[in-house]
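S.K.: Here is the input, now give the coordinates:
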Amino acid sequence: MKVCIPFKPAPSGGTSIFFKKFSRALVEYGFEATNVFSADCDVLLAIAAAPLTILAQAKLRKIPIVQRLDGIYYPANAGRRWLWLNKRILPTYKFFADRIIFQSEYSRQVCEYFFGKASVPFSTIHNGVDLNRFAPHGETKKLVDGQVILCLLSNFIRSFEILPVLQAFDYLHAQHPQTQLVVAGKFVPKLQHIPESRPDVIWLGTVAHHELPALYRQADLMLSTKLRHNCPNAVLEAMACGLPIACFDSGAHRELIADKGGICVPLNDGFGAFPKLDAKLLAGVGEVILQNQKRFSQQAYRHAKENFGLECMMEQYIAVLKNIIQER
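M.R.: Here you go, the predicted structure:
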């Protein structure tokens, strides 16, 4: 089976991480993976979208098209340009795809709310984690003595993604002076003043993906204020390393954590304006986790191992791809 994935990966980012590990896994399973379209491809996998010319050629040649949808743009997260930003995603969803794979149930809900229900068969397949790399035991990244609280985001572009974390840490630090906050991620220029104003926090900047397992293992708790994320890889990777998470009930968080990999703070969130986050509530669930860290750590690891292994994800994807080729 030759699978065409017309996508050019970037050095970082969830979509690029998925492309790289999925392509490698396809080869390990004995299939051929390419990002260059040709007439001998058996199936085309569009990660969110693909060039319309390629989709049209695939349709003409009756090559099945599977759209893997992690998320879409909508007014609250993209402003007035949201339809323009969806200019390739929406046509793929409406007219070209023969099968849809949603990254999470939350991803499906968002898509159906703004685009309408899919007119073709669909599945929900969560991201998978390489459990050989992301595991509780292995190399650690020793940063400080005492308990480490971690906050991780590839790019900090909104102040509410970091300010409530700092406030929650201040509450926790008052009760646990031995704790230290470590933040990994790149700040956009307009937010650069935030790390500059807090020299008591360890700011790592961008951390290479291969260095993350050692970082997760060093930490005791991850604070996450990610809102409306469809299937955050950091949550799955952290749990696989036995790192429990304190977060808000937004996006796919509760769906992924399931009250086993951590605790979600209740939040009345929809698709409109982003809600205000209560840092005290986040600190409160963080306190519960720190007081029972060993139990939460074991639960998180077990939950990830049972539900989010890369092999589990690949088996589901391959079943979908084989099915649609047989139906061709």
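S.K.: list the contacts for Val148?
M.R.: Going by CB atoms under 8 Å, 6 or more residues apart in numbering, Val148 touches 179-180, 182, 218-221. Every C-beta, even on glycine, is put in place using the N, C-alpha and C of the backbone.
S.K.: in the chain, which spans are strands?
M.R.: Taking DSSP state E as the test, the strands found in the chain are 2-4, 32-34, 43-47, 65-69, 99-102, 122-124, 148-156, 180-187, 202-205, 221-224, 245-248, 262-265.
S.K.: could these go into TSV alongside mean pLDDT and distance to Leu131?
M.R.: What follows is the strands of the chain, written out as TSV (pLDDT from 0 to 100; distance: least, CB to CB, whole Å):
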stretch	mean pLDDT	distance to Leu131
strand 2-4	94	23
strand 32-34	92	21
strand 43-47	95	23
strand 65-69	96	21
strand 99-102	97	21
strand 122-124	97	21
strand 148-156	93	19
strand 180-187	96	21
strand 202-205	96	24
strand 221-224	96	18
strand 245-248	98	17
strand 262-265	97	18
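S.K.: got the CA positions of the lowest-mean-pLDDT helix or strand in the chain in CSV?
M.R.: Every helix and strand of the chain was ranked by mean pLDDT, DSSP states H and E. The lowest is helix 14-28, at a mean of 85. Output in CSV follows, covering the C-alpha atoms of helix 14-28 (Å, rounded to 0.1, in the frame of the first residue of the first chain):
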residue,chain,number,x,y,z
GLY,A,14,1.8,19.1,16.5
THR,A,15,0.9,18.6,12.9
SER,A,16,4.6,18.2,11.8
ILE,A,17,5.2,15.8,14.7
PHE,A,18,2.2,13.7,13.7
PHE,A,19,3.4,13.6,10.0
LYS,A,20,6.9,12.5,11.0
LYS,A,21,6.0,9.7,13.4
PHE,A,22,3.1,8.5,11.2
SER,A,23,5.3,8.3,8.1
ARG,A,24,8.0,6.4,10.0
ALA,A,25,5.4,4.0,11.5
LEU,A,26,3.9,3.3,8.1
VAL,A,27,7.3,2.2,6.8
GLU,A,28,7.8,0.0,9.9
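S.K.: chain center to that helix, what's the gap?
M.R.: Relative to its chain's centre, helix 14-28 lies at 14 Å (CA atoms, centre = their mean, to the nearest Å).
S.K.: what's near enough to touch Ile5?
M.R.: Ile5 touches 19, 22-23, 33-35, 44-47, counting by CB under 8 Å, 6+ apart.
S.K.: From Tyr317, how far off is the residue nearest to the spatial centre of the chain?
M.R.: Centroid check for the chain by CA atoms, centre = their mean gives Pro232 as the closest residue, at 1.9 Å. Note on Pro232: its distance to Tyr317, by CB to CB, to the nearest Å, is 19 Å.
S.K.: Next: Thr92.
M.R.: With CB to CB as the criterion, Thr92 and Tyr317 are 17 Å apart.
S.K.: Over to His126?
M.R.: 11 Å.
S.K.: on that earlier part again, could you find the closest non-adjacent residue to the residue nearest to the centre of the chain?
M.R.: Lys226 (5.6 Å; CB to CB, 6 or more residues apart in numbering).
S.K.: how deep is the one you found tucked in, by neighbour count?
M.R.: By other CB atoms under 10 Å, 18 other residues sit near Lys226.
S.K.: List the residues that contact it.
M.R.: So Lys226 contacts 153, 161, 232, 234, 247, 250-251, 253 (CB under 8 Å, 6+ apart).
S.K.: I'd like to know which of those is nearest to Phe274.
M.R.: Of all these, Ser250 has the smallest distance to Phe274: 8.9 Å, by CB to CB.
S.K.: just checking, that closest one touches Asn230?
M.R.: No. The pair Ser250 / Asn230 is not scored as a contact, 11.0 Å apart, by CB atoms under 8 Å.
S.K.: Need the residues touching each of these two.
M.R.: Joint contacts of Ser250 and Asn230 (CB under 8 Å, 6+ apart) do not exist.
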